[in-house]
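S.K.: The following block contains a protein sequence and its predicted model.
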Amino acid sequence: MKVSVIQLLEGKNRVWDLDKWFSMTCDYITQELKDALQKQKQNEKYFKKDTQEKIELYLDKNNIFTKDVRRILSVANIFFLTKEYNFSEKYILPVISKLTPKKMEEKSIISYLYYCLAIISLHKADYRSSNEYFIKSYETQKDCATTNEKTFLLISWINIFIESGYIDYAEQLLTFISTNIFPKQDDNYARILFFYFLCHKKQNNLDSAINWVNLLIPMCTDFLDIDDWYTIHIFAGEYYASIRKNFEKSIYHFTLANSFLSIKWKIYINNIGKLKNHLKIADYLNIRIAYEDKMHELILENNLHSSHYLHSLKYAYEELKNLYNQVHEMSIIDNLTSLNNRHYLWGKAPEFISLAYMQNISISCIMIDIDDFKQINDEYGHQAGDEIIKQVGKIVKNYFRKTDIIVRFGGEEIIVLLLKSRLENTQNKCLKLQQIICNHKFIAKNQTIKVSVSIGISHKQKVKNQVQEIENLIDEADKAMYESKVKGKNQVSIYKK
């Protein structure tokens with residue numbers, strides 16, 4: 001008799017009978033695997049990164065949910081990928097229950113969010129919640145996922161039995177898959193081998209576990225997560241050191257573990273950089289503290305596992321130390337315009353606001369936005385659009401003082417922050433700049449292009465010593481710039497409460 005999703009979700013309410021609920025879950029996964037594997041094509045491979053890229057692409061689409069929801073989910077996804085699970089869960093839970101999918105893409109996103117919650121709950125050893133989220137993830141994706149995507153989720157689901165100690169169910173499912181799946185070089189097959197390894201490691205059957213490790217090692221490193229490879233090589237390093245007394249192999253695996261930790265670090269830094277595009281300045285600065293603690297933990301983790309091998313530890317530590325320094329020396333220049341970028345703005349914000357506060361001087365914020373930029377891209381091409389941004393950036397940079405902060409804020413937007421400039425002077429500067437740009441002969445791809453800008457100004461005579469003040473000024477300048485757009489573009493507007 002087939003197990004239904006309704007029966008599974010009802011099973012969560014049987015608080016006293018986890019054994020029965022997991023037994024039903026095992027039967028359900030088996031029947032779904034049977035169906036999925038029958039539809040499997042022999043030469044078709046699955047790569048998890050393709051699904052991840054697809055989700056990120058959906059979250060960039062303007063017709064998916066609302067802009068604010070997409071921003072929240074993008075932040076949640078970055079937190080999930082960097083294993084900041086508490087932050088990720090905090091962003092997902094208030095939103096997911098309110099989402100009503102109308103498109104296949106939206107269903108895929110919701111299924112992915114439930115998958116994230118399942119992994120987060122598994123990490124917290126909350127097996128009941130994890131199982132419920134796996135059920136919801138699979139049920140949501142049934143109409144919109146490929147056969148390989150469904151198989152991946154079903155295989156990933158098996159880990160709940162390994163982590164919760166129901167190894168018999170895990171081995172039963174792995175045996176069923178092994179006898180029905182085509183062995184191939186892809187993520188799904190690598191995950192099956194990895195779960196076999198985890199089962200034997202959990203049962204302390206170390207000789208069998210190392211056999212599975214030896215099957216995994218020749219596979220492409222993209223087929224498993226960096227953390228999985230790290231676990232594999234740390235296990236192998238300890239196995240060959242303590243059991244086989246094979247120093248050479250032990251060093252080999254510990255060195256590889258260090259390499260994967262370094263890769264993890266680089267991916268981590270890359271994802272932290274993405275957060276800055278979605279979070280407000282004040283929020284980012286608060287979260288950065290937690291991230292720096294995490295980075296210290298990564299260094300400590302590396303040192304712990306490498307303490308027996310001081311010579312390899314030395315090189316690994318130096319590499320990690322250099323990477324840590326890179327966090328504080330992130331690129332501050334925009335490649336296209338050579339203007340400062342958001343990284344620079346957020347790094348300078350505390351110093352800038354502190355200077356204005358201590359000297360009791362005013363701050364002006366100017367938001368400059370190129371008019372009809374999408375039309376320029378559509379008519380002349382993106383290369384021409386980039387050239388226009390570059391030329392406008394050069395004009396703005398040469399126009400203002402060297403002491404002013406000029407930042408490419410995003411897309412076709414440029415922000416200028418001025419200290420000790422009266423509102424009237426700032427307005428006159430902007431009116432003159434507007435005319436300079438309007439009268440300038442812009443040439444791109446051998447064509448003359450007419451360009452104008454809309455400008456918004458915000459101003460504070462006195463400021464508090466809080467980064468929030470910069471954020472408020474930017475928001476106000478943005479509203480004033482939008483007012484210039486509404487009035488007909490090619491104008492200068494001042495923010496008024």
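M.R.: Sure thing, it's come through.
S.K.: Only C-alpha atoms from now on, for both contacts and neighbour counts.
M.R.: Noted.
S.K.: what comes up buried for the host helix or strand of Gln434?
M.R.: Per DSSP states H and E: Gln434 is located in helix 423-439. In terms of neighbour count (16 or more other C-alpha atoms under 10 Å), helix 423-439 has its buried residues at 423, 426-427, 430-431, 433-434, 437.
S.K.: contacting residues around Cys26?
M.R.: Cys26 is in contact with 169, 173, counting by C-alpha atoms under 8 Å, 6 or more residues apart in numbering.
S.K.: Please state the backbone phi and psi of it?
M.R.: Main-chain dihedrals, Cys26, degrees, to the nearest 10: phi -60, psi -40.
S.K.: Assess the claim that His278 and Arg71 are in contact.
M.R.: Yes. His278 is in contact with Arg71 according to C-alpha atoms under 8 Å; the separation is 6.2 Å.
S.K.: any idea how far the helix holding Gln434 is from the chain center?
M.R.: 39 Å (C-alpha atoms, centre = their mean, to the nearest Å).
S.K.: Name the residues of the helix or strand harbouring Ile92 that come out as buried.
M.R.: Assigned by DSSP H and E, Ile92 belongs to helix 85-96. Using 16+ other C-alpha under 10 Å as the test for burial, helix 85-96 gives 85, 87-89, 91-92.
S.K.: got the CA positions of it in CSV?
M.R.: C-alpha atoms of helix 85-96 as CSV (Å, rounded to 0.1, in the frame of the first residue of the first chain):
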residue,chain,number,x,y,z
TYR,A,85,22.0,28.8,9.7
ASN,A,86,20.5,30.9,12.5
PHE,A,87,20.5,34.0,10.3
SER,A,88,19.1,32.0,7.3
GLU,A,89,16.3,30.5,9.3
LYS,A,90,15.5,33.9,10.8
TYR,A,91,15.0,35.3,7.3
ILE,A,92,13.1,32.3,5.8
LEU,A,93,10.5,31.5,8.5
PRO,A,94,8.6,34.8,8.6
VAL,A,95,8.3,34.8,4.8
ILE,A,96,7.7,31.2,3.6
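S.K.: Figure out how far that helix is from the centre of its chain.
M.R.: Distance, stretch centre to chain centre, for helix 85-96: 14 Å (C-alpha atoms, centre = their mean).
S.K.: which outside residues touch it?
M.R.: By C-alpha under 8 Å, 6+ apart, the residues outside helix 85-96 that reach it are 69, 72-73, 75-80, 110, 113, 117, 120.
S.K.: Apply 6 Å and report the result again.
M.R.: Identification of contacts with helix 85-96 by C-alpha atoms under 6 Å, 6 or more residues apart in numbering yields 76, 79-80, 120.
S.K.: Can I get the buried residues of helix 423-439 in JSON lines including distance to Asn246?
M.R.: Listed next are those as JSON lines, based on distance: C-alpha to C-alpha, whole Å:
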{"residue": "Leu423", "distance to Asn246": "74"}
{"residue": "Thr426", "distance to Asn246": "72"}
{"residue": "Gln427", "distance to Asn246": "74"}
{"residue": "Cys430", "distance to Asn246": "72"}
{"residue": "Leu431", "distance to Asn246": "75"}
{"residue": "Leu433", "distance to Asn246": "71"}
{"residue": "Gln434", "distance to Asn246": "72"}
{"residue": "Ile437", "distance to Asn246": "71"}
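S.K.: Redo those as CSV? Include distance to Pro101 and pLDDT.
M.R.: Formatted as CSV, the buried residues of helix 423-439 follow (distance: C-alpha to C-alpha, whole Å; pLDDT from 0 to 100):
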residue, distance to Pro101, pLDDT
Leu423, 48, 93
Thr426, 47, 94
Gln427, 46, 95
Cys430, 45, 96
Leu431, 47, 96
Leu433, 46, 96
Gln434, 44, 95
Ile437, 45, 95
